[in-house]
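Peer 1: Just to be clear, the model below is a prediction. Sequence and coordinates:
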Amino acid sequence: MTELMMPRERKVKILATLGPASDSPEMIEKLMRKGVDAFRINMSHGERGDKEALFHHIRALESELRRPTTILVDLQGPKLRVGTFAEGKVKLKKGDEFILDQDDAEGDATRVKLPHPELFEVLQPGHLLLIDDGKMRLRAKHVSPERIVATVEVSGVISNRKGVNVPDVAVPIPALTEKDRKDLAFALEMDADWIALSFVQRPEDVAEARELIGARAGIMAKIEKPQAVERLEEILELADAVMVARGDLGVELPPERVPPVQNKIVATARHFGKPVVVATQMLESMISSPTPTRAEVNDVADAIYDGADAIMLSAESAAGDYPVKAVRMMDKIGRAVEEDERYHDRVHFTETSPEATTADALAESARGIAKTIGAKAMACYTSSGSTARRIARERPSVPLLVMTASKKVARRLGLLWGVHAVHTRDVNSFEEMVAKAKRMVLRHKIAGQGDRVVIMAGVPFGQSGSTNVVHVVKLAGDELETYQRKLDLD
């Protein structure tokens, strides 16, 4: 019999990016055993064949460990860049006048091509242009359909094809480029669980992706533009999850504004009951160091105290010298925070008032019941994942075992706070549901003899959105014996 991987000892999930430092089957297995719950495949780098190999490695490991494993494909999105320079780069000083135009000639110390005509339509005098992740700042002085005359506010060097950010305006370009559409088709063909959508500025960007994706994968909107923050609730209405993409947010916003914006995004996503991932530069020093800084540890801990569903490693696991140690550190921080006696008070500081639905009312009640009776675990059946999301939104103090007959749903739940998903055969009656829930919590060692378990489900079974039952059971000795006999037969 293949190995059965047990649930984690923490509720926050770890999302790790795969890359040159972690793309072998052996390293992927090490990362998962040390704490990774979901893997990110970044389409901005690498070859298509390498990405396909990653899918096969992860799915093979999933089968070996009998644990539904989540794959998120991160689309590159449009990139705004300057053109090229005759000398490869130029140095500009504060106060210099510099022109960005649509002339194909190579640039010099006075001008360079900006091959994005859309920007000439929306930029106005006074707007900022941030070059190379904000290392250089230009401010538009005169704008015409042919050129932008700007003043250098921060000295620096501009080299060929450096990125451009324009934080003051919504850029009138779609979030999906032709490359993204090809990468999306590949991801859906490979049965990706989540699609991370870059350069989201407006809800229409998510709607466009939804038309292409349908229900084949969850859509995670990356919040990396100030315009997306302004329309966050509208975006959350359409997206299945959001990511706090702090790298680009830190470029387009003053650094002191990023922490409150992060807090706002996490709180709003929790209010909507949708997973939220905090990403970028969480343990950045571990790219080249075996230990993080104290400030980085505090940063990760703050995201967990805020109630984020998942925390993400980028270059730390993709290209760093210590990918396994970075995952172990994330895991240690998560467990230490969740063991803090003040954690549950902190995580419930964000108000998540239930909607006027039966499912929300029961989810809120089930959390209270589990706390009052000292239950060891909660368990639920779900066909769409909705019941699991509503319970996880309440941030119960005990583990949540989620059973589903859909492998796709089980995989997608890998980014949801506190959930241990199990792919299992469906049930046909209330009695069968209760018996299976008991066996599963015993098999996965979430509860034991004498423990109470709070079970949620919908009757009739197999109908999405029909959650209407809360049931409390106590695991007796004969159930343990029945489970052992069934295990022997298997």
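Peer 2: Alright, I've got the coordinates.

Peer 1: Show the backbone phi and psi for residue 41.
Peer 2: Listed backbone geometry of residue 41 is phi -110, psi 110, with angles given as degrees, to the nearest 10.

Peer 1: hang on, isn't it packed against residue 75?
Peer 2: No: checked against Cβ atoms under 8 Å, the pair residue 41 and residue 75 is beyond contact range at 10.2 Å. The way it works is simple: take the backbone N, C-alpha and C, and place the C-beta from them, glycine included.

Peer 1: of those two, who's got more company?
Peer 2: Neighbours were counted for residue 41 and for residue 75 using other Cβ atoms under 10 Å; residue 41 has more, 26 against 23.

Peer 1: how close does residue 390 sit to residue 309?
Peer 2: Note on residue 390: its distance to residue 309, by Cβ to Cβ, to the nearest Å, is 14 Å.

Peer 1: correction: residue 265
Peer 2: With distances taken as Cβ to Cβ, residue 265 is found 12 Å from residue 309.

Peer 1: Quick check: neighbours shared by these two?
Peer 2: Residues touching both residue 265 and residue 309 comprise residue 276, with contact defined as Cβ atoms under 8 Å, 6 or more residues apart in numbering.

Peer 1: and stretch 446-466, C-alpha only, in CSV?
Peer 2: Coordinates of each C-alpha in stretch 446-466 appear next as CSV, following Å, rounded to 0.1, in the frame of the first residue of the first chain:
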residue,chain,number,x,y,z
ILE,A,446,-6.9,13.9,13.5
ALA,A,447,-8.9,12.5,16.5
GLY,A,448,-8.9,9.3,18.6
GLN,A,449,-11.0,7.2,20.9
GLY,A,450,-13.2,9.3,23.2
ASP,A,451,-12.8,12.5,21.2
ARG,A,452,-15.7,14.5,19.9
VAL,A,453,-16.0,15.5,16.3
VAL,A,454,-18.3,18.1,14.8
ILE,A,455,-19.6,17.1,11.3
MET,A,456,-21.2,19.3,8.7
ALA,A,457,-22.9,18.1,5.5
GLY,A,458,-25.8,18.7,3.2
VAL,A,459,-28.8,16.5,2.8
PRO,A,460,-29.6,15.3,0.1
PHE,A,461,-26.0,14.4,-0.7
GLY,A,462,-24.1,15.5,-3.8
GLN,A,463,-26.0,18.7,-4.3
SER,A,464,-23.8,21.8,-4.2
GLY,A,465,-24.9,24.5,-1.7
SER,A,466,-27.2,22.3,0.4
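
Peer 1: In that stretch, which of the residues would be classed as buried?
Peer 2: Buried positions in stretch 446-466, judged by neighbour count with 16 or more other Cβ atoms under 10 Å: 446-447, 451-458, 461, 466.

Peer 1: average pLDDT for it?
Peer 2: Averaging pLDDT along stretch 446-466 yields 80.

Peer 1: Then stretch 71-85?
Peer 2: For stretch 71-85, mean pLDDT is 96.

Peer 1: Between its first and last residues, how far does that stretch reach?
Peer 2: Using Cα to Cα, to the nearest Å, the gap from the first to the last residue of stretch 71-85 comes to 40 Å.

Peer 1: Could you do stretch 302-318 as well?
Peer 2: Between the opening and closing residues of stretch 302-318 we find a distance of 23 Å, counting by Cα to Cα.

Peer 1: Check the offset of that stretch from the chain's centre.
Peer 2: For stretch 302-318, the distance from its own C-alpha centre to the chain's C-alpha centre is 9 Å (Cα atoms, centre = their mean, to the nearest Å).

Peer 1: Same check on stretch 409-428?
Peer 2: In terms of Cα atoms, centre = their mean, the gap separating the centre of stretch 409-428 from the centre of its chain is 17 Å.

Peer 1: which stretches of the stretch 51-200 of the chain form helices?
Peer 2: 117-122, 178-189 (DSSP state H, counting those that start in this stretch).

Peer 1: tell me what the last one is packed against?
Peer 2: Just to be clear, that refers to helix 178-189. On a contact count with 3 or more Cβ pairs under 8 Å, 6 or more residues apart in numbering; DSSP states H and E, helix 178-189 meets helix 48-65, strand 70-74, strand 194-197, helix 203-213.

Peer 1: Contacts for that helix next, please.
Peer 2: Counting by Cβ under 8 Å, 6+ apart, the neighbours of helix 178-189 from elsewhere in the structure are 41, 43, 48, 51-52, 73, 75-77, 176, 195, 198, 209, 212-213, 216-217.

Peer 1: per-domain residue ranges of the protein.
Peer 2: 13-77+174-347, 89-165, 358-489 (automatic domain parsing).

Peer 1: Dump the ones you listed into JSON lines; add distance to residue 4 as well.
Peer 2: What follows is these, written out as JSON lines (distance: least, Cβ to Cβ, whole Å):
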{"stretch": "domain 13-77+174-347", "distance to residue 4": "5"}
{"stretch": "domain 89-165", "distance to residue 4": "44"}
{"stretch": "domain 358-489", "distance to residue 4": "7"}
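
Peer 1: Would you reformat the helices and strands packed on helix 178-189 as JSON lines and include distance to residue 110?
Peer 2: As requested, these are arranged in JSON lines below (distance: least, Cβ to Cβ, whole Å):
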{"stretch": "helix 48-65", "distance to residue 110": "41"}
{"stretch": "strand 70-74", "distance to residue 110": "38"}
{"stretch": "strand 194-197", "distance to residue 110": "38"}
{"stretch": "helix 203-213", "distance to residue 110": "36"}
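
Peer 1: Out of those, flag the one nearest residue 147.
Peer 2: Residue 147 lies closest, by Cβ to Cβ, to one member of these: helix 203-213, at 28.4 Å.

Peer 1: contact partners of whichever helix or strand comes after that closest one?
Peer 2: Elements were assigned by DSSP states H and E; along the chain past helix 203-213, the next helix or strand is strand 218-223. In this structure, residues lying in contact with strand 218-223 by Cβ under 8 Å, 6+ apart are 72, 74, 77, 193-200, 205-206, 209-210, 213, 228-229, 232, 235-236, 238-245, 249, 265, 275, 277, 412.

Peer 1: Direction included, what does strand 218-223 pair up with?
Peer 2: Within its sheet, strand 218-223 is paired with strand 194-197 (parallel), strand 241-245 (parallel), according to DSSP bridges.

Peer 1: will you turn these into CSV that also has mean neighbour count and mean pLDDT?
Peer 2: Listed next are the strands paired with strand 218-223 as CSV, based on neighbours: other Cβ atoms under 10 Å; pLDDT from 0 to 100:
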stretch, mean neighbour count, mean pLDDT
strand 194-197, 27, 98
strand 241-245, 27, 97
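
Peer 1: where in the protein is pLDDT low?
Peer 2: Counting by pLDDT under 70, the low-confidence segments of the chain come to 1-3, 354, 461-466, 477-490.

Peer 1: Nearest residue to the middle of it?
Peer 2: residue 277 (3.7 Å; Cα atoms, centre = their mean).

Peer 1: looking at it, it is touching residue 310, isn't it?
Peer 2: Yes: the pair residue 277 and residue 310 qualifies as a contact (Cβ under 8 Å) at a distance of 4.5 Å.

Peer 1: Need the residues touching each of these two.
Peer 2: In contact with both residue 277 and residue 310: 15, 415, using Cβ under 8 Å, 6+ apart.

Peer 1: measure stretch 172-185 end to end?
Peer 2: Comparing the first residue of stretch 172-185 with its last one, the separation is 24 Å (Cα to Cα).

Peer 1: Please renumber the chain so that the first residue is 59 from this point on.
Peer 2: Noted, 59 is the first residue going forward, which turns the last one into stretch 230-243.
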